[in-house]
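1. Dropping a prediction and its sequence here:
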Amino acid sequence: MLSHHELCFGCGRTNLFGLLLELERQDDGSAKGRCFIKQDHQGAERGYAHDGVIAAALIEALSLAAGARARRRHLTVDFTASAPVGTFVEVQAWPDHAQASTNGELIATATASDTGR
């Protein structure tokens, strides 16, 4: 399992307030995994994840896909749907782009670079 460290908000296994994102390297070089949307992850729309939680999952996956110490300086996220509380968000990331879905529906895509535009 890919991880920064045990207390990382995104992928740490001992940070119970975090996403507990589980990612594994795939044969094609991407990182793929999931996190569970808890009620503590709600945003303005009751019963749905805060967009920042989804963005955090995407940036975490992008970072780990590029290498555990990689850090992105510029992130663009496009949201297409919301993730309900009580569902898993599936993420797949390559070093420069990622996507998130829940229940088979695409909910967000992201692109990342080391420098701003």
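-> Received it, and whenever you're ready, just let me know what you need. Residues are numbered from 1 along each chain as shown.

2. List the contacts of residue 4.
-> Applying C-beta atoms under 8 Å, 6 or more residues apart in numbering, one finds that residue 4 lies in contact with 10, 11, 12, 63, 64, 68. Every residue, glycine included, has its C-beta placed from N, CA and C.

3. what lines up beside the strand ranked longest in the chain in the sheet?
-> Once the chain is assigned using DSSP state E, the strand that runs over the most residues is strand 105-113. Counting by DSSP bridges, the strands paired with strand 105-113 are strand 74-79 (antiparallel), strand 97-102 (antiparallel).

4. hmm, back to that, list only buried entries from the contacts of residue 4.
-> Among the contacts of residue 4, the ones that count as buried by 16 or more other C-beta atoms under 10 Å are 10, 11, 12, 63, 64.

5. quick one: secondary structure of the spatially most central residue of the chain?
-> The structure's the chain has its C-alpha centroid closest to residue 57; by C-alpha atoms, centre = their mean the separation is 1.7 Å. Of the three states, residue 57 takes helix under DSSP: H, G, I helix; E, B strand; the rest coil.

6. Could you check how far it is from residue 89?
-> Plainly put, residue 57 is 6 Å away from residue 89 if you go by C-beta to C-beta, to the nearest Å.

7. residues shared between the contacts of the two?
-> Taking C-beta under 8 Å, 6+ apart as the contact criterion, the residues that touch both residue 57 and residue 89 are 35, 100.

8. Which among the strands paired with strand 105-113 is found nearest to residue 17?
-> When the strands paired with strand 105-113 are compared by C-beta to C-beta, strand 97-102 sits nearest residue 17, at 20.0 Å.

9. pull the CA atoms of the closest one into PDB?
-> Output for strand 97-102, consisting of C-alpha atoms alone and laid out as PDB, is shown next (Å, rounded to 0.1, in the frame of the first residue of the first chain):
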ATOM      1  CA  HIS A  97      -4.100  13.700 -13.700                       C
ATOM      2  CA  ALA A  98      -6.600  11.800 -11.600                       C
ATOM      3  CA  GLN A  99     -10.300  10.900 -11.400                       C
ATOM      4  CA  ALA A 100     -12.700  10.100  -8.600                       C
ATOM      5  CA  SER A 101     -16.000   8.200  -8.800                       C
ATOM      6  CA  THR A 102     -18.600   6.800  -6.500                       C
END
